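S.K.: the sequence isn't on hand, but the structure is:
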């Protein structure tokens, strides 16, 4: 979901990735997914003020057909 949003617009905020009333699980899973994309150097994250919204931006160019594999086994 994060990759698709960034493919379309190039930028997004963490808050904009969440539903209107997200559950704790939604927040945690979205945050972990964001961290994984940052770790892979696919996304740049910036937070300009303490407790402010996190701004996400695509880093470099992405292959439009690229899929993001999960590292976790089921």
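M.R.: Okay, I see it. Here the structure is a predicted model, which is why all the values come from computation and not from measurement.
S.K.: got a list of what residue 60 touches?
M.R.: 41-42 (Cβ atoms under 8 Å, 6 or more residues apart in numbering). Every C-beta, even on glycine, is put in place using the N, C-alpha and C of the backbone.
S.K.: the longest helix seen in the chain packs against which elements?
M.R.: When the chain is parsed with DSSP state H, its longest helix is helix 24-39. Secondary-structure packing of helix 24-39 (3 or more Cβ pairs under 8 Å, 6 or more residues apart in numbering; DSSP states H and E): helix 2-9, strand 43-46.
S.K.: Throw the ones you listed into CSV and include mean neighbour count, thanks.
M.R.: Shown next, in CSV, are these (neighbours: other Cβ atoms under 10 Å):
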stretch, mean neighbour count
helix 2-9, 14
strand 43-46, 15
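S.K.: want to try CSV for those, with mean pLDDT as columns?
M.R.: Output for these, formatted as CSV (pLDDT from 0 to 100):
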stretch, mean pLDDT
helix 2-9, 85
strand 43-46, 93
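S.K.: and the ones you listed: which comes nearest residue 58?
M.R.: helix 2-9 (4.8 Å; Cβ to Cβ).
S.K.: and that closest one with helix 24-39, angle?
M.R.: Following axes from the mean of the first three to the mean of the last three Cα atoms, to 10 degrees, one obtains 70 degrees for the angle between helix 2-9 and helix 24-39.
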